[in-house]
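In: Sequence first, predicted coordinates after that:
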Amino acid sequence: MDDDIGLYDCPMPEPFGDKIGLTVSLAWLFYLGFVSRVIFGPLLPEIQNDLDLDHVQAGSLFLMIGVGYLLAPIFSGLLSSRLNHRGTLRFSAWLLGLALLFFVFVRSFAGISVLLVIIGFTGFLHLPSAVATITAEIQKSDWGKGMAVHQCAPPLSFVSAPLIAALLLQWFSWRQVLLCWGLLSLASALLFTMKSEGGQFPGQRISPANMKRVAALPSFWWITILLSLAIAGNAGMNAMLPLYFVHEKGLSLTKANTIIGLSQLSGFLVVFFAGIAADRIGQKRFMWLTLGGAALLTVALGLVEGGPLIAALLLQSAVLTAFFPVIYGALARVVPPTLRSVISAMGPPLAYLIGAGGAPLVIGYLAKFFSFGTGISVIGGAMLIGLPLIFLLRLSDFEGESGC
């Protein structure tokens, strides 16, 4: 145990209803950052044509976001230990908005790659501080509600990002779309800086000692692999769906993005009930059912046509989205409270690099030599292989678990 643990005042956990404003504001920032990452999928056909990229280069752009996500832990603990979680959340919000503005000037694969690393970096800075803040400010019995609200951001992003792209690309270039989103992000960063509350306690530095303590837990590795597979079937696959629909299914980009966006509504609707369902049937059983069902549907997405394709996409979004609040809740039960920000700084970025960065590269590579459908089905098969790891997880209720 670090010597400095316990030398600061932890917030007193309160009922969810008393912290709804804080939770919604964190969810909004998460949403802005998540859209900033996933919107590159709906914009990808335009970016590919503008910068003259092949399928492998297009897929590798998402790997750059993952690289930024993985680099952030080096700085996340340092920032949150000095600025507190509140200051880290503010810094992340401002950096995101500024980075989006610079896409107006990018003209090369190298240039967009650098900016995407920054986008990934800002996205990661938010997550561990937000998770630590929610689990410290809200009493343990209401964690499911708090995490469900925060985790609304990913499914809402997958719904809205394609629709935003479909709408704005009728009048603006892809650069101008990102400029608009950057201005909205900066306005939100200003409002959060002026009005935000909560998170007024430091995180733990990502020291070798803390990393060793987390890395020594087998459950950390199992949960990271499972999260990688889920992200591969979610953000990783969705990043390449517009290219799949345009190049192999013959749809226009506007129609493709509209179908993709509307199909993700099912995921947004089920996220509120995931925690309740998991409490009733058990976390592990719920994770097995949702990840397994999503894996089979992902395989089907690469094989079917027409109406069955739309139905599979609709169901896959609903089933897989329900998996995320539960696995993030499980993440908080792998380590004691003082290491929650550390495990959040290690597991999700590695999972994002593999799932959201590696999966599009694999799909792009297989599309170049076989087809996009083949790549998507391969991702679904990988998700199936990971199912046994769920039952290897060791989740604990630590004494004095509430607080920070």
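Out: That came through, no problem.

In: Packing partners of the helix-or-strand element of the chain with minimal mean pLDDT?
Out: Least confident element among the helices and strands of the chain, by mean pLDDT, DSSP states H and E: helix 265-281 (a mean of 72). Secondary-structure packing of helix 265-281 (3 or more C-beta pairs under 8 Å, 6 or more residues apart in numbering; DSSP states H and E): helix 143-150, helix 153-168, helix 283-301, helix 306-321, helix 323-331. The C-beta positions use only the backbone N, C-alpha and C, and glycine is treated the same way.

In: Would you mind getting the angle between the helix or strand following the last one and helix 323-331?
Out: Going back to what we said before, that points to helix 323-331. Of the helices and strands lying after helix 323-331 in sequence (DSSP states H and E), the nearest is helix 340-352. Interaxial angle, helix 340-352 versus helix 323-331 (axes from the mean of the first three to the mean of the last three C-alpha atoms, to 10 degrees): 140 degrees.

In: Please could you give me each C-alpha atom of helix 340-352, formatted as PDB?
Out: What follows is helix 340-352, C-alpha atoms only, in PDB (Å, rounded to 0.1, in the frame of the first residue of the first chain):
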ATOM      1  CA  ARG A 340      -9.600   1.700  -9.300                       C
ATOM      2  CA  SER A 341      -8.100   4.600 -11.200                       C
ATOM      3  CA  VAL A 342      -4.900   2.500 -11.800                       C
ATOM      4  CA  ILE A 343      -6.800  -0.500 -13.300                       C
ATOM      5  CA  SER A 344      -8.900   1.900 -15.400                       C
ATOM      6  CA  ALA A 345      -5.700   3.500 -16.600                       C
ATOM      7  CA  MET A 346      -4.200   0.100 -17.600                       C
ATOM      8  CA  GLY A 347      -7.000  -2.200 -18.900                       C
ATOM      9  CA  PRO A 348      -9.400  -0.100 -21.100                       C
ATOM     10  CA  PRO A 349      -6.600   1.600 -23.100                       C
ATOM     11  CA  LEU A 350      -4.900  -1.700 -23.900                       C
ATOM     12  CA  ALA A 351      -8.300  -3.200 -24.800                       C
ATOM     13  CA  TYR A 352      -9.100  -0.200 -27.000                       C
END
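
In: Can you show me the helices along the stretch 101-250 of the chain?
Out: 109-137, 143-150, 153-168, 174-195, 208-215, 218-231, 237-247 (DSSP state H, counting those that start in this stretch).

In: Of all those helices, which one is nearest residue 88?
Out: helix 109-137 (4.5 Å; C-beta to C-beta).

In: Buried ones in that closest one, by neighbour count?
Out: Under the neighbour-count criterion of 16 or more other C-beta atoms under 10 Å, helix 109-137 has 109, 112-113, 115-137 buried.

In: Which strands or helices does that helix pack on?
Out: For helix 109-137, the elements it packs on are helix 20-38, helix 40-51, helix 55-71, helix 73-101, helix 143-150, helix 340-352, judged by 3+ C-beta pairs under 8 Å, 6+ apart.
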